[in-house]
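Q: Prediction below, plus the sequence it came from.
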Amino acid sequence: MSSVATPPTAIRFDDLTLGYDRHPAVHHLDGTIAQGSMTAIVGPNGGGKSTLLKAIAGALKPLDGRIETHQRMAWLPQSADIDRSFPITVFDLVAMGLIPSRGLLGRIGRKDSAAIEQALDAVGLNGFEDRIIGTLSGGQMQRILFARLLLQDAPILLLDEPLTALDSATATDLVALIRQWHGQGRTILAVLHDMDLVARIFPQTLLLAREPIAWGKTAEVLTPAHLQAARQMVEAHDPFADYCARVA
Amino acid sequence: MLYDLVLAPFADFGFMRRALVGVIALALGAGPIGIFLMLRRMSLMGDAMAHAILPGAAIGYLLGGLSLGLMTAGGLVAGFAVALLAGALARVSVLREDATLASFYLLSLAGGVVLLSLKGSNLDLLHVLFGSVLALDDATLVLLVSASSISLIVLALMFRPLVLECVDPVFLASVNGHGGRVHLMFLGLLTLNLVAGFHALGTLLAVGLMMLPAVAARFWCRGIGMLIVTATGIGMVSGLIGILLSYHSGLPTGPSIILTAGAFYLVSILFGSQGGLLLSALPRPHLRG
(Lines give C-alpha, C1' and ligand atoms only; values in the text may rest on other atoms or scores of the structure.)
Protein backbone atom coordinates (compact mmCIF):
# COMPACT_ATOMS: atom_id res chain seq x y z
CA MET A 1 0.00 0.00 0.00
CA SER A 2 1.24 3.47 -0.84
CA SER A 3 1.41 5.81 2.07
CA VAL A 4 -1.10 8.65 1.97
CA ALA A 5 0.43 12.05 2.58
CA THR A 6 -1.37 13.82 5.42
CA PRO A 7 -2.80 17.14 4.24
CA PRO A 8 -1.38 20.27 5.92
CA THR A 9 -3.08 21.59 9.04
CA ALA A 10 -5.57 24.46 8.78
CA ILE A 11 -6.30 24.91 12.49
CA ARG A 12 -4.55 23.44 15.52
CA PHE A 13 -6.01 23.40 19.06
CA ASP A 14 -3.53 23.11 21.89
CA ASP A 15 -5.09 22.30 25.28
CA LEU A 16 -7.72 24.92 24.51
CA THR A 17 -10.06 26.10 27.28
CA LEU A 18 -12.70 28.70 26.53
CA GLY A 19 -15.30 30.40 28.69
CA TYR A 20 -17.00 33.51 29.91
CA ASP A 21 -16.41 35.17 33.28
CA ARG A 22 -14.01 32.39 34.24
CA HIS A 23 -16.70 29.74 33.74
CA PRO A 24 -15.37 27.33 31.16
CA ALA A 25 -17.54 26.42 28.18
CA VAL A 26 -15.00 24.29 26.33
CA HIS A 27 -12.45 22.20 28.17
CA HIS A 28 -9.04 20.89 27.15
CA LEU A 29 -9.50 20.62 23.41
CA ASP A 30 -6.50 19.17 21.58
CA GLY A 31 -6.27 18.31 17.92
CA THR A 32 -6.05 19.55 14.36
CA ILE A 33 -8.36 20.39 11.49
CA ALA A 34 -6.85 19.40 8.15
CA GLN A 35 -6.84 21.79 5.22
CA GLY A 36 -9.73 21.08 2.87
CA SER A 37 -11.58 19.00 5.44
CA MET A 38 -15.27 19.38 6.17
CA THR A 39 -16.17 18.97 9.83
CA ALA A 40 -19.53 19.14 11.57
CA ILE A 41 -19.56 20.26 15.19
CA VAL A 42 -22.48 18.67 17.00
CA GLY A 43 -23.56 18.35 20.60
CA PRO A 44 -26.18 19.44 23.10
CA ASN A 45 -27.16 23.08 23.65
CA GLY A 46 -24.67 24.81 25.91
CA GLY A 47 -22.00 22.35 24.86
CA GLY A 48 -19.65 25.08 23.66
CA LYS A 49 -20.10 24.75 19.89
CA SER A 50 -20.75 28.42 19.13
CA THR A 51 -18.13 29.43 21.67
CA LEU A 52 -15.55 27.36 19.84
CA LEU A 53 -16.32 29.00 16.47
CA LYS A 54 -16.24 32.43 18.09
CA ALA A 55 -12.80 31.72 19.49
CA ILE A 56 -11.47 30.40 16.19
CA ALA A 57 -12.76 33.56 14.52
CA GLY A 58 -10.76 35.56 17.05
CA ALA A 59 -13.74 37.18 18.79
CA LEU A 60 -13.10 35.42 22.11
CA LYS A 61 -9.78 35.07 23.88
CA PRO A 62 -8.96 31.61 25.22
CA LEU A 63 -8.85 31.24 29.01
CA ASP A 64 -6.05 28.76 28.55
CA GLY A 65 -4.19 27.00 25.75
CA ARG A 66 -4.12 28.28 22.19
CA ILE A 67 -5.54 28.16 18.67
CA GLU A 68 -3.05 28.18 15.85
CA THR A 69 -4.05 29.14 12.33
CA HIS A 70 -2.45 31.03 9.50
CA GLN A 71 -5.20 31.34 6.94
CA ARG A 72 -7.90 33.93 6.41
CA MET A 73 -11.32 33.00 7.81
CA ALA A 74 -14.90 33.93 7.12
CA TRP A 75 -17.29 33.53 10.02
CA LEU A 76 -21.05 33.26 9.78
CA PRO A 77 -22.46 33.82 13.30
CA GLN A 78 -26.08 33.04 14.12
CA SER A 79 -28.05 35.60 12.14
CA ALA A 80 -29.84 37.02 15.19
CA ASP A 81 -26.83 39.32 15.60
CA ILE A 82 -27.83 41.48 12.62
CA ASP A 83 -29.98 44.60 13.05
CA ARG A 84 -32.50 43.95 10.32
CA SER A 85 -34.32 47.22 10.90
CA PHE A 86 -31.34 49.18 9.55
CA PRO A 87 -32.23 50.65 6.12
CA ILE A 88 -29.46 49.16 4.03
CA THR A 89 -29.88 47.49 0.64
CA VAL A 90 -29.11 43.86 -0.18
CA PHE A 91 -26.39 45.03 -2.58
CA ASP A 92 -24.62 47.05 0.14
CA LEU A 93 -24.83 44.24 2.68
CA VAL A 94 -23.38 41.69 0.26
CA ALA A 95 -20.71 44.21 -0.81
CA MET A 96 -19.37 44.13 2.76
CA GLY A 97 -17.92 40.75 1.86
CA LEU A 98 -15.34 42.68 -0.19
CA ILE A 99 -13.95 44.52 2.85
CA PRO A 100 -11.23 41.92 3.59
CA SER A 101 -9.84 42.33 0.07
CA ARG A 102 -10.68 45.99 -0.69
CA GLY A 103 -10.39 47.58 2.76
CA LEU A 104 -12.96 49.83 4.40
CA LEU A 105 -12.47 52.70 1.97
CA GLY A 106 -11.83 50.82 -1.25
CA ARG A 107 -13.78 51.66 -4.38
CA ILE A 108 -16.28 49.14 -5.63
CA GLY A 109 -15.51 48.98 -9.33
CA ARG A 110 -17.42 47.46 -12.21
CA LYS A 111 -15.68 44.12 -11.70
CA ASP A 112 -16.74 44.07 -8.04
CA SER A 113 -20.32 44.93 -8.93
CA ALA A 114 -20.30 42.00 -11.34
CA ALA A 115 -18.95 39.75 -8.58
CA ILE A 116 -21.75 40.90 -6.25
CA GLU A 117 -24.36 40.18 -8.94
CA GLN A 118 -22.80 36.77 -9.45
CA ALA A 119 -22.90 35.99 -5.74
CA LEU A 120 -26.58 36.96 -5.57
CA ASP A 121 -27.17 34.76 -8.60
CA ALA A 122 -25.44 31.84 -6.88
CA VAL A 123 -27.78 32.05 -3.87
CA GLY A 124 -30.85 32.44 -6.09
CA LEU A 125 -31.61 36.08 -5.29
CA ASN A 126 -31.06 37.68 -8.65
CA GLY A 127 -32.92 40.99 -8.81
CA PHE A 128 -32.93 41.64 -5.06
CA GLU A 129 -30.09 44.19 -5.20
CA ASP A 130 -32.13 47.25 -4.26
CA ARG A 131 -34.35 45.65 -1.63
CA ILE A 132 -33.98 46.94 1.93
CA ILE A 133 -32.94 44.04 4.20
CA GLY A 134 -35.91 44.62 6.53
CA THR A 135 -38.24 43.39 3.77
CA LEU A 136 -36.59 39.98 3.44
CA SER A 137 -37.77 36.68 4.90
CA GLY A 138 -35.54 34.68 7.23
CA GLY A 139 -34.56 32.30 4.44
CA GLN A 140 -33.74 35.12 2.04
CA MET A 141 -31.64 36.80 4.72
CA GLN A 142 -29.62 33.63 5.18
CA ARG A 143 -29.10 33.42 1.41
CA ILE A 144 -27.82 37.01 1.49
CA LEU A 145 -25.32 36.11 4.20
CA PHE A 146 -24.13 33.18 2.11
CA ALA A 147 -23.66 35.55 -0.82
CA ARG A 148 -21.50 37.73 1.43
CA LEU A 149 -19.49 34.65 2.45
CA LEU A 150 -18.96 33.89 -1.24
CA LEU A 151 -17.40 37.32 -1.76
CA GLN A 152 -15.19 36.98 1.30
CA ASP A 153 -13.56 34.13 -0.59
CA ALA A 154 -11.80 32.80 2.51
CA PRO A 155 -9.92 29.47 2.65
CA ILE A 156 -11.51 28.65 6.05
CA LEU A 157 -15.27 28.92 6.59
CA LEU A 158 -16.86 28.90 10.06
CA LEU A 159 -20.62 28.40 9.86
CA ASP A 160 -22.71 28.67 13.04
CA GLU A 161 -26.05 26.88 12.57
CA PRO A 162 -26.24 27.93 8.94
CA LEU A 163 -29.36 25.87 8.24
CA THR A 164 -31.49 26.49 11.33
CA ALA A 165 -35.11 27.59 10.77
CA LEU A 166 -34.95 27.33 6.98
CA ASP A 167 -37.48 25.67 4.68
CA SER A 168 -36.27 22.57 2.87
CA ALA A 169 -35.77 24.30 -0.50
CA THR A 170 -33.51 26.95 1.03
CA ALA A 171 -31.65 24.38 3.11
CA THR A 172 -31.05 22.23 0.03
CA ASP A 173 -29.68 25.19 -1.95
CA LEU A 174 -27.36 26.27 0.85
CA VAL A 175 -26.12 22.72 1.46
CA ALA A 176 -25.25 22.56 -2.25
CA LEU A 177 -23.20 25.74 -1.82
CA ILE A 178 -21.37 24.31 1.20
CA ARG A 179 -20.50 21.16 -0.77
CA GLN A 180 -19.31 23.33 -3.65
CA TRP A 181 -16.98 25.18 -1.27
CA HIS A 182 -15.72 21.86 0.02
CA GLY A 183 -15.08 20.78 -3.58
CA GLN A 184 -12.98 23.93 -4.09
CA GLY A 185 -10.66 22.76 -1.32
CA ARG A 186 -11.82 25.16 1.39
CA THR A 187 -11.77 24.07 5.02
CA ILE A 188 -15.28 24.00 6.48
CA LEU A 189 -16.38 23.89 10.12
CA ALA A 190 -20.12 23.98 10.70
CA VAL A 191 -22.23 23.82 13.85
CA LEU A 192 -25.31 21.73 13.07
CA HIS A 193 -28.23 20.06 14.85
CA ASP A 194 -29.57 17.88 12.04
CA MET A 195 -27.82 14.53 12.61
CA ASP A 196 -29.18 12.98 9.40
CA LEU A 197 -27.71 15.83 7.37
CA VAL A 198 -24.38 15.51 9.19
CA ALA A 199 -24.29 11.78 8.53
CA ARG A 200 -25.08 12.30 4.85
CA ILE A 201 -22.80 15.19 4.00
CA PHE A 202 -20.01 15.72 6.52
CA PRO A 203 -17.03 13.33 6.42
CA GLN A 204 -15.72 14.50 9.82
CA THR A 205 -17.57 15.22 13.05
CA LEU A 206 -16.59 16.70 16.40
CA LEU A 207 -19.01 15.82 19.19
CA LEU A 208 -18.61 18.52 21.80
CA ALA A 209 -20.19 18.66 25.25
CA ARG A 210 -17.84 21.03 27.03
CA GLU A 211 -15.17 18.40 26.51
CA PRO A 212 -14.66 16.67 23.20
CA ILE A 213 -16.59 13.39 23.51
CA ALA A 214 -15.54 12.02 20.14
CA TRP A 215 -13.83 13.39 17.07
CA GLY A 216 -13.14 11.70 13.74
CA LYS A 217 -15.01 9.99 10.94
CA THR A 218 -18.68 10.86 11.25
CA ALA A 219 -19.92 7.25 11.31
CA GLU A 220 -17.58 6.46 14.20
CA VAL A 221 -18.52 9.57 16.16
CA LEU A 222 -22.31 9.52 15.95
CA THR A 223 -22.84 6.31 17.90
CA PRO A 224 -25.61 5.94 20.50
CA ALA A 225 -23.00 5.48 23.23
CA HIS A 226 -21.23 8.71 22.35
CA LEU A 227 -24.46 10.71 22.09
CA GLN A 228 -25.58 9.37 25.47
CA ALA A 229 -22.24 10.37 26.98
CA ALA A 230 -22.57 13.88 25.53
CA ARG A 231 -25.99 14.31 27.09
CA GLN A 232 -24.69 13.26 30.50
CA MET A 233 -21.67 15.57 30.32
CA VAL A 234 -23.87 18.64 30.05
CA GLU A 235 -26.35 17.47 32.67
CA ALA A 236 -23.52 16.84 35.10
CA HIS A 237 -21.98 20.23 34.52
CA ASP A 238 -22.01 22.53 37.54
CA PRO A 239 -22.10 26.15 36.37
CA PHE A 240 -20.71 27.35 39.68
CA ALA A 241 -17.63 25.20 39.57
CA ASP A 242 -14.88 27.75 39.17
CA TYR A 243 -11.84 25.58 38.91
CA CYS A 244 -11.16 22.71 36.69
CA ALA A 245 -10.66 19.45 38.61
CA ARG A 246 -8.24 18.17 36.00
CA VAL A 247 -5.50 20.71 36.53
CA ALA A 248 -3.06 20.46 33.69
CA MET B 1 -45.07 90.78 -1.03
CA LEU B 2 -43.06 87.60 -1.19
CA TYR B 3 -39.96 89.77 -1.36
CA ASP B 4 -40.92 91.54 1.87
CA LEU B 5 -41.66 88.24 3.59
CA VAL B 6 -38.68 86.18 2.55
CA LEU B 7 -35.87 88.19 0.98
CA ALA B 8 -36.02 91.69 2.47
CA PRO B 9 -35.02 90.65 6.00
CA PHE B 10 -31.84 89.04 4.67
CA ALA B 11 -31.13 91.88 2.23
CA ASP B 12 -31.56 94.52 4.91
CA PHE B 13 -29.87 93.01 7.95
CA GLY B 14 -26.44 91.45 8.33
CA PHE B 15 -27.39 89.58 11.50
CA MET B 16 -30.17 87.81 9.57
CA ARG B 17 -27.70 86.66 6.92
CA ARG B 18 -25.31 85.42 9.61
CA ALA B 19 -28.11 83.57 11.34
CA LEU B 20 -29.06 81.88 8.07
CA VAL B 21 -25.47 80.81 7.33
CA GLY B 22 -25.19 79.53 10.91
CA VAL B 23 -28.30 77.34 10.85
CA ILE B 24 -27.50 76.00 7.37
CA ALA B 25 -24.05 74.95 8.59
CA LEU B 26 -25.61 73.37 11.66
CA ALA B 27 -28.21 71.50 9.61
CA LEU B 28 -25.49 70.10 7.30
CA GLY B 29 -23.65 68.52 10.21
CA ALA B 30 -26.69 67.63 12.30
CA GLY B 31 -28.63 65.88 9.49
CA PRO B 32 -26.46 62.78 9.09
CA ILE B 33 -25.56 62.64 12.79
CA GLY B 34 -29.26 62.71 13.69
CA ILE B 35 -30.04 59.88 11.27
CA PHE B 36 -27.32 57.70 12.81
CA LEU B 37 -28.48 58.57 16.33
CA MET B 38 -31.98 57.48 15.42
CA LEU B 39 -30.90 54.29 13.65
CA ARG B 40 -28.58 53.33 16.51
CA ARG B 41 -31.42 53.97 19.00
CA MET B 42 -29.28 56.62 20.68
CA SER B 43 -31.74 59.53 20.65
CA LEU B 44 -31.71 59.71 24.44
CA MET B 45 -27.92 59.58 24.40
CA GLY B 46 -27.85 62.68 22.17
CA ASP B 47 -30.14 64.52 24.55
CA ALA B 48 -28.10 63.61 27.62
CA MET B 49 -24.86 64.64 25.94
CA ALA B 50 -26.33 67.99 24.88
CA HIS B 51 -27.07 68.67 28.52
CA ALA B 52 -23.69 67.42 29.62
CA ILE B 53 -22.14 70.25 27.63
CA LEU B 54 -23.70 72.78 30.01
CA PRO B 55 -21.46 72.32 33.07
CA GLY B 56 -18.38 72.26 30.82
CA ALA B 57 -19.39 75.46 29.09
CA ALA B 58 -20.27 76.94 32.49
CA ILE B 59 -16.77 76.30 33.80
CA GLY B 60 -15.39 77.98 30.67
CA TYR B 61 -17.72 80.89 31.41
CA LEU B 62 -16.52 81.13 35.02
CA LEU B 63 -12.94 81.27 33.81
CA GLY B 64 -13.34 83.72 30.97
CA GLY B 65 -16.86 85.11 30.74
CA LEU B 66 -18.73 84.69 27.44
CA SER B 67 -15.54 83.53 25.73
CA LEU B 68 -16.02 81.43 22.61
CA GLY B 69 -12.83 79.42 23.00
CA LEU B 70 -13.14 78.52 26.68
CA MET B 71 -16.83 77.67 26.52
CA THR B 72 -16.29 75.54 23.41
CA ALA B 73 -13.36 73.68 24.95
CA GLY B 74 -15.28 73.14 28.20
CA GLY B 75 -18.31 71.85 26.31
CA LEU B 76 -16.25 69.46 24.18
CA VAL B 77 -14.45 67.97 27.16
CA ALA B 78 -17.59 67.61 29.28
CA GLY B 79 -19.67 66.16 26.45
CA PHE B 80 -17.10 63.55 25.51
CA ALA B 81 -16.39 62.66 29.14
CA VAL B 82 -20.08 62.01 29.81
CA ALA B 83 -20.39 59.87 26.68
CA LEU B 84 -17.50 57.68 27.81
CA LEU B 85 -18.65 57.58 31.43
CA ALA B 86 -22.22 56.59 30.51
CA GLY B 87 -20.95 53.77 28.31
CA ALA B 88 -18.59 52.53 31.02
CA LEU B 89 -21.19 52.77 33.80
CA ALA B 90 -23.73 50.86 31.72
CA ARG B 91 -21.21 48.05 31.40
CA VAL B 92 -20.17 47.77 35.06
CA SER B 93 -23.36 48.67 36.94
CA VAL B 94 -26.74 46.97 37.15
CA LEU B 95 -28.51 50.00 35.67
CA ARG B 96 -29.47 50.05 32.01
CA GLU B 97 -27.89 52.79 29.93
CA ASP B 98 -31.08 54.85 29.63
CA ALA B 99 -31.39 55.16 33.42
CA THR B 100 -27.75 56.24 33.66
CA LEU B 101 -28.28 58.81 30.89
CA ALA B 102 -31.37 60.26 32.53
CA SER B 103 -29.43 60.71 35.78
CA PHE B 104 -26.56 62.44 33.98
CA TYR B 105 -29.01 64.68 32.15
CA LEU B 106 -30.53 65.94 35.41
CA LEU B 107 -27.22 66.37 37.22
CA SER B 108 -25.67 68.23 34.28
CA LEU B 109 -28.56 70.64 33.97
CA ALA B 110 -28.72 71.41 37.69
CA GLY B 111 -24.94 71.55 38.07
CA GLY B 112 -24.53 73.77 35.01
CA VAL B 113 -27.15 76.27 36.13
CA VAL B 114 -25.59 76.45 39.62
CA LEU B 115 -22.13 77.03 38.15
CA LEU B 116 -23.42 79.79 35.87
CA SER B 117 -25.27 81.48 38.71
CA LEU B 118 -22.00 81.81 40.67
CA LYS B 119 -21.04 84.64 38.37
CA GLY B 120 -23.52 85.27 35.64
CA SER B 121 -26.73 87.16 35.15
CA ASN B 122 -30.05 85.63 34.15
CA LEU B 123 -29.49 87.00 30.65
CA ASP B 124 -26.28 84.99 30.30
CA LEU B 125 -28.11 81.93 31.60
CA LEU B 126 -30.81 82.33 28.94
CA HIS B 127 -28.10 82.77 26.33
CA VAL B 128 -26.43 79.49 27.31
CA LEU B 129 -29.66 77.52 27.64
CA PHE B 130 -31.40 78.74 24.50
CA GLY B 131 -28.60 80.19 22.38
CA SER B 132 -28.59 83.37 20.38
CA VAL B 133 -28.94 82.69 16.67
CA LEU B 134 -29.32 86.37 15.88
CA ALA B 135 -26.08 87.35 17.61
CA LEU B 136 -23.54 85.10 15.87
CA ASP B 137 -20.21 86.92 15.47
CA ASP B 138 -17.53 86.09 12.92
CA ALA B 139 -15.57 83.78 15.18
CA THR B 140 -18.68 81.78 16.10
CA LEU B 141 -19.70 81.49 12.45
CA VAL B 142 -16.25 80.17 11.57
CA LEU B 143 -16.59 77.65 14.40
CA LEU B 144 -20.02 76.46 13.19
CA VAL B 145 -18.89 76.13 9.59
CA SER B 146 -15.66 74.35 10.60
CA ALA B 147 -17.54 71.94 12.84
CA SER B 148 -19.94 70.94 10.08
CA SER B 149 -17.13 70.69 7.49
CA ILE B 150 -15.11 68.44 9.79
CA SER B 151 -18.07 66.22 10.53
CA LEU B 152 -19.00 65.87 6.86
CA ILE B 153 -15.44 64.90 5.90
CA VAL B 154 -15.00 62.46 8.79
CA LEU B 155 -18.44 60.96 8.19
CA ALA B 156 -17.61 60.43 4.53
CA LEU B 157 -14.40 58.62 5.49
CA MET B 158 -15.99 56.44 8.17
CA PHE B 159 -19.35 55.93 6.49
CA ARG B 160 -18.89 52.24 5.70
CA PRO B 161 -17.53 51.17 9.08
CA LEU B 162 -20.21 53.25 10.79
CA VAL B 163 -23.03 51.62 8.83
CA LEU B 164 -21.43 48.23 9.33
CA GLU B 165 -21.13 48.81 13.06
CA CYS B 166 -24.87 49.50 13.17
CA VAL B 167 -26.00 46.58 11.00
CA ASP B 168 -23.56 43.84 11.88
CA PRO B 169 -21.00 44.78 14.56
CA VAL B 170 -19.81 41.18 14.86
CA PHE B 171 -18.90 41.13 11.18
CA LEU B 172 -17.01 44.41 11.46
CA ALA B 173 -15.03 43.08 14.39
CA SER B 174 -14.28 39.82 12.59
CA VAL B 175 -12.96 41.45 9.40
CA ASN B 176 -11.34 44.48 10.93
CA GLY B 177 -11.35 44.60 14.71
CA HIS B 178 -11.98 48.35 14.95
CA GLY B 179 -15.58 48.31 16.17
CA GLY B 180 -14.92 50.17 19.41
CA ARG B 181 -12.96 52.89 17.67
CA VAL B 182 -15.78 53.57 15.21
CA HIS B 183 -18.19 54.11 18.10
CA LEU B 184 -15.78 56.52 19.82
CA MET B 185 -15.28 58.52 16.63
CA PHE B 186 -19.02 58.81 16.25
CA LEU B 187 -19.39 60.04 19.83
CA GLY B 188 -16.67 62.59 19.11
CA LEU B 189 -18.54 63.90 16.05
CA LEU B 190 -21.77 64.00 18.03
CA THR B 191 -20.12 66.11 20.73
CA LEU B 192 -18.58 68.45 18.16
CA ASN B 193 -21.95 69.07 16.52
CA LEU B 194 -23.71 69.53 19.83
CA VAL B 195 -21.15 72.11 20.95
CA ALA B 196 -21.55 73.94 17.64
CA GLY B 197 -25.32 73.76 18.02
CA PHE B 198 -25.07 75.03 21.57
CA HIS B 199 -23.64 78.37 20.42
CA ALA B 200 -26.65 79.00 18.19
CA LEU B 201 -29.50 77.13 19.86
CA GLY B 202 -28.34 76.64 23.44
CA THR B 203 -27.76 73.39 25.31
CA LEU B 204 -31.48 72.73 25.68
CA LEU B 205 -32.32 72.94 22.00
CA ALA B 206 -29.07 71.95 20.26
CA VAL B 207 -30.20 68.37 19.83
CA GLY B 208 -33.50 69.50 18.27
CA LEU B 209 -31.98 70.22 14.86
CA MET B 210 -30.60 66.65 14.90
CA MET B 211 -33.50 64.56 16.12
CA LEU B 212 -36.62 66.23 14.73
CA PRO B 213 -35.51 66.31 11.06
CA ALA B 214 -34.20 62.73 11.40
CA VAL B 215 -37.42 61.26 12.77
CA ALA B 216 -39.46 63.28 10.25
CA ALA B 217 -37.33 61.92 7.38
CA ARG B 218 -38.07 58.36 8.52
CA PHE B 219 -41.68 58.86 7.35
CA TRP B 220 -40.65 59.76 3.78
CA CYS B 221 -37.85 57.46 2.68
CA ARG B 222 -36.12 54.20 3.50
CA GLY B 223 -32.55 54.03 2.20
CA ILE B 224 -29.82 55.47 4.40
CA GLY B 225 -28.62 57.92 1.71
CA MET B 226 -32.04 59.42 1.08
CA LEU B 227 -32.70 59.58 4.82
CA ILE B 228 -29.61 61.73 5.33
CA VAL B 229 -30.42 64.04 2.41
CA THR B 230 -34.03 64.46 3.52
CA ALA B 231 -33.14 65.13 7.15
CA THR B 232 -30.52 67.70 6.17
CA GLY B 233 -33.02 69.41 3.85
CA ILE B 234 -35.71 69.52 6.54
CA GLY B 235 -33.15 70.95 8.98
CA MET B 236 -32.14 73.73 6.57
CA VAL B 237 -35.71 74.68 5.65
CA SER B 238 -36.68 74.64 9.35
CA GLY B 239 -33.81 77.04 10.00
CA LEU B 240 -34.91 79.39 7.24
CA ILE B 241 -38.60 79.38 8.18
CA GLY B 242 -37.80 79.61 11.89
CA ILE B 243 -35.61 82.68 11.46
CA LEU B 244 -38.22 84.43 9.30
CA LEU B 245 -41.00 83.48 11.70
CA SER B 246 -39.04 84.96 14.55
CA TYR B 247 -38.23 88.12 12.54
CA HIS B 248 -41.81 88.83 11.56
CA SER B 249 -43.53 87.86 14.79
CA GLY B 250 -40.93 88.76 17.40
CA LEU B 251 -40.84 85.21 18.80
CA PRO B 252 -37.52 83.94 20.20
CA THR B 253 -35.45 82.57 17.29
CA GLY B 254 -34.07 79.28 18.58
CA PRO B 255 -37.45 77.96 19.74
CA SER B 256 -39.02 79.15 16.46
CA ILE B 257 -36.55 77.03 14.48
CA ILE B 258 -37.16 73.96 16.65
CA LEU B 259 -40.94 74.46 16.52
CA THR B 260 -40.76 74.63 12.73
CA ALA B 261 -38.82 71.37 12.68
CA GLY B 262 -41.47 70.01 15.05
CA ALA B 263 -44.19 71.05 12.57
CA PHE B 264 -42.36 69.05 9.85
CA TYR B 265 -42.30 66.11 12.24
CA LEU B 266 -46.07 66.31 12.92
CA VAL B 267 -46.92 66.66 9.23
CA SER B 268 -44.65 63.68 8.47
CA ILE B 269 -46.31 61.49 11.08
CA LEU B 270 -49.71 62.29 9.62
CA PHE B 271 -49.01 62.35 5.88
CA GLY B 272 -45.69 60.52 5.46
CA SER B 273 -45.48 58.07 2.57
CA GLN B 274 -43.63 55.47 4.69
CA GLY B 275 -45.93 54.49 7.52
CA GLY B 276 -47.65 57.86 7.92
CA LEU B 277 -50.88 57.55 9.93
CA LEU B 278 -53.21 58.74 7.15
CA LEU B 279 -51.92 56.29 4.52
CA SER B 280 -51.95 53.41 7.00
CA ALA B 281 -55.56 54.21 7.88
CA LEU B 282 -56.75 54.17 4.27
CA PRO B 283 -57.98 50.78 3.12
CA ARG B 284 -55.68 49.55 0.37
CA PRO B 285 -56.57 46.84 -2.14
CA HIS B 286 -53.95 44.15 -2.17
CA LEU B 287 -52.07 43.36 -5.33
CA ARG B 288 -52.89 40.39 -7.46
CA GLY B 289 -50.44 37.58 -7.99
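A: Yes, it's here. Small disclaimer: the values here were computed from a predicted structure and weren't measured.

Q: Extract the residue ranges of chain A that are flagged as low pLDDT.
A: A:1-5, A:22, A:79-80, A:234-248 (pLDDT under 70).

Q: Nearest to the spatial middle of it, which residue is it?
A: When Cα atoms, centre = their mean is applied to chain A, the residue found nearest the centroid is A:L159 (2.0 Å).

Q: Torsion angles phi and psi at that one?
A: With angles defined as degrees, to the nearest 10, A:L159 sits at phi -120, psi 120.

Q: residue contacts, it?
A: Contacts for A:L159 (Cβ atoms under 8 Å, 6 or more residues apart in numbering or on different chains) come out as A:53, A:76, A:178, A:188-191. Every residue, glycine included, has its C-beta placed from N, CA and C.

Q: ok, and the most crowded of these?
A: Highest neighbour count within the contacts of A:L159: A:L189, with 26 neighbours (other Cβ atoms under 10 Å in any protein chain shown).

Q: Could you tell me which residues of chain A lie near chain B?
A: Proximity of chain A to chain B (Cβ under 8 Å from any Cβ of the partner chain) is limited to residues A:57-59, A:73, A:75, A:77, A:81-83, A:86-89, A:92-93, A:96, A:99-100, A:104-105, A:132-133, A:152.

Q: about what we covered before: narrow the contacts of A:L159 to those in helices?
A: Per DSSP state H, helices hold the following members of the contacts of A:L159: A:53, A:178.

Q: Just flag the most distant two among the contacts of A:L159.
A: Spatially, the most separated pair among these is A:L53 and A:I178, at 14.8 Å (Cβ to Cβ).

Q: ok, now how distant is the residue nearest to the centre of chain A from A:L192?
A: Distance of A:L159 to A:L192, given as Cβ to Cβ, to the nearest Å: 8 Å.

Q: Then A:A57?
A: With Cβ to Cβ as the criterion, A:A57 and A:L192 are 17 Å apart.

Q: Kindly report the same for B:G112.
A: Distance, B:G112 to A:L192, by Cβ to Cβ: 57 Å.

Q: More neighbours: these two, which one.
A: Taking other Cβ under 10 Å, B:G112 and A:L192 do not tie; B:G112 has more neighbours (25 against 20).

Q: ok so, going back, for the residue nearest to the centre of chain A, give the beta-bridge partners.
A: A:L76, A:A190 (DSSP bridges).

Q: what are the ranges of the helices in the stretch 51-200 of chain B?
A: Taking DSSP state H, counting those that start in this stretch to define them, one finds helices in the stretch 51-200 of chain B at B:68-92, B:97-117, B:122-130, B:138-157, B:159-167, B:169-175, B:179-205.

Q: JSON lines for the ones you listed, including distance to chain A?
A: Below are the helices of the stretch 51-200 of chain B laid out as JSON lines (distance: least, Cβ to the nearest Cβ, whole Å):
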{"stretch": "helix B:68-92", "distance to chain A": "13"}
{"stretch": "helix B:97-117", "distance to chain A": "17"}
{"stretch": "helix B:122-130", "distance to chain A": "33"}
{"stretch": "helix B:138-157", "distance to chain A": "7"}
{"stretch": "helix B:159-167", "distance to chain A": "5"}
{"stretch": "helix B:169-175", "distance to chain A": "5"}
{"stretch": "helix B:179-205", "distance to chain A": "9"}
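
Q: mind checking pLDDT for the residue in the stretch 1-150 of chain B that chain A sits nearest to?
A: Residue nearest to chain A within the stretch 1-150 of chain B (Cβ to the nearest Cβ): B:L39, separated by 5.9 Å. If you check B:L39, the pLDDT there is 92.

Q: try B:V128
A: So, for B:V128, pLDDT stands at 85.

Q: Against B:M71, how distant is it?
A: 8 Å.

Q: Now the common contact residues for these two.
A: Shared contacts of B:V128 and B:M71 (Cβ under 8 Å, 6+ apart): B:57, B:61.

Q: quick one: average pLDDT of the helix or strand encompassing B:Y265?
A: B:Y265 belongs to helix B:253-271 when assigned by DSSP states H and E. The average pLDDT within helix B:253-271 is 96.

Q: just so I have it, where are all the strands in chain A?
A: Using DSSP state E, the strands assigned to chain A run over residues A:9-20, A:23-34, A:38-42, A:64-69, A:73-76, A:156-160, A:187-191, A:204-209, A:211-217.

Q: Same list, these, but as JSON lines with distance to B:L209 please.
A: Shown next, in JSON lines, are the strands of chain A (distance: least, Cβ to Cβ, whole Å):
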{"stretch": "strand A:9-20", "distance to B:L209": "42"}
{"stretch": "strand A:23-34", "distance to B:L209": "47"}
{"stretch": "strand A:38-42", "distance to B:L209": "51"}
{"stretch": "strand A:64-69", "distance to B:L209": "49"}
{"stretch": "strand A:73-76", "distance to B:L209": "40"}
{"stretch": "strand A:156-160", "distance to B:L209": "42"}
{"stretch": "strand A:187-191", "distance to B:L209": "47"}
{"stretch": "strand A:204-209", "distance to B:L209": "53"}
{"stretch": "strand A:211-217", "distance to B:L209": "58"}
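
Q: picking up where we left off before, just the angle between the helix holding B:Y265 and helix B:179-205, please?
A: Counting by axes from the mean of the first three to the mean of the last three Cα atoms, to 10 degrees, helix B:253-271 lies at 110 degrees to helix B:179-205.
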